[in-house]
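J.: mind looking at a prediction? Sequence and model below.
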Amino acid sequence: MTRLSHIAVGVALLAATTLSGVARADNQDVIDYRQHIMKTLGEQAQSLAMVMQGKAPAENVAIHAQLLAVTAATVEAAFKEKVAGGESKADVWAKWDDFAKRSKELSANMADLAKTAQAGGLDAVKPKMATAMTCKGCHEIYREQKK
């Protein structure tokens, strides 16, 4: 198994283990979990941006893209429980079909980006970044900005 595969499997196992316990979690646990997922997405997106700017090792492009893909795949499930709080607006659940569609789109985009990074490296990823990262559109509708 490659290093990237080990990381992806580890993150997937962690996510699966955590998701199985969400049904027993209290509201604050649900909110905390969602925030960890979203923070991980943000951190990995920033790390990938640093790689693209030449500020971090280019050989890590596939790892960061894969971590984005694995994490993006957990977003919809992290928001399934209707628990208001954190930075989530009530519109997440009021407009669930749209939110779920956007979540699936992000997951598919990140999976494609990871596949591209694995096959073609940094040069193949650069032209896809602008269209793959659809975070802002969702945040404008569904995220309460911190004050």
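T.: That came through, no problem. Numbering: from 1, shown residues only.
J.: buried sites along the longest helix along the chain?
T.: Identified as the longest helix of the chain according to DSSP state H is helix 96-125. Buried residues in helix 96-125, counted by 16 or more other Cβ atoms under 10 Å: 99, 102-103, 106-107, 109-111, 113-114, 116-118, 122, 125. C-beta: built from backbone N, CA, C; applies to glycine.
J.: do a quick rundown of the strands in this structure.
T.: Assigned by DSSP state E, the chain shows no strands.
J.: in it, which residue is most central in space?
T.: The chain has A72 as the residue nearest its centroid, 3.1 Å off, counting by Cα atoms, centre = their mean.
J.: wait, V125 sits on M52?
T.: Yes - using Cβ atoms under 8 Å, V125 and M52 qualify as a contacting pair, with a distance of 7.2 Å.
J.: which neighbours do these two have in common?
T.: Common contact partners of V125 and M52 (Cβ atoms under 8 Å, 6 or more residues apart in numbering): V61.
J.: backbone dihedrals for E81, please?
T.: With angles defined as degrees, to the nearest 10, E81 sits at phi -70, psi 130.
J.: this completes my enquiry, with thanks.
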